[in-house]
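Trainee: with the sequence up front, the predicted model follows.
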Amino acid sequence: MIFIDSSSFIKHYVAEEGTAEVNALLSSSSEIFVAWLSLSECLAALARLERQKLLTREEFGVTKKNFLEDWERLRIVRETAELEPIVIRLIGKHPLRGADAVQLASAVYLREYDLPVTFVCSDRQLANMALEEGFKTETPGAA
């Protein structure tokens, strides 16, 4: 069971360092959790790649379609009032950016229900904060 943040999840759709590891984690996981925020983060990243001409319009369309189809099969941690105190606690403890606070809080929320999630993140700083929160981590392609 994994919680995958957008920095890693996007690697499933765009070939870069860490893509093979992400694909292996996704194919071997019984359940895949993501924060609702990853929808906008991943789609924005794909649109940026198209604007930068790193994806053609056709590649963008196909990749976006694949992403949205996959999205329907994921376990999504929705933004709820229950996340607010977790976000506040984490921001007080760690030097988190706003989106990263939501990603980490979403994983902490799952753990409060005794779900043994591994935190998958390609941002080494965020992964280190997840380690401090007691998570097992995977860091595909992290610098």
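Mentor: All right, it came through fine.

Trainee: flag the shaky bits of the chain, pLDDT-wise.
Mentor: 143 (pLDDT under 70).

Trainee: ranges for the helices of it?
Mentor: 6-9, 19-28, 37-51, 57-71, 84-93, 98-111, 124-132 (DSSP state H).

Trainee: what's the most buried one of these?
Mentor: helix 6-9 (a mean of 26; mean count of other C-beta atoms under 10 Å). C-beta: built from backbone N, CA, C; applies to glycine.

Trainee: how about the CA coordinates for that one, as CSV?
Mentor: C-alpha atoms of helix 6-9 as CSV (Å, rounded to 0.1, in the frame of the first residue of the first chain):
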residue,chain,number,x,y,z
SER,A,6,2.7,14.2,-7.5
SER,A,7,6.5,14.5,-7.8
SER,A,8,6.6,10.8,-8.2
PHE,A,9,3.3,10.1,-9.8
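
Trainee: still on that earlier bit, please produce a markdown table containing the helices of the chain, extended by distance to A142.
Mentor: Shown next, in a markdown table, are those (distance: least, C-beta to C-beta, whole Å):
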| stretch | distance to A142 |
| --- | --- |
| helix 6-9 | 8 |
| helix 19-28 | 10 |
| helix 37-51 | 16 |
| helix 57-71 | 21 |
| helix 84-93 | 20 |
| helix 98-111 | 14 |
| helix 124-132 | 4 |
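
Trainee: so which of those helices is nearest G141?
Mentor: Taking C-beta to C-beta, helix 19-28 is the member of those nearest to G141, at 6.9 Å.

Trainee: wouldn't S38 be in contact with S6 here?
Mentor: Yes. Contact criterion C-beta atoms under 8 Å: S38 and S6 qualify, at 4.2 Å.

Trainee: grab the nearest non-local neighbour of S7.
Mentor: What sits nearest to S7 in space, not counting adjacent residues and going by C-beta to C-beta, 6 or more residues apart in numbering, is S122, at 4.1 Å.
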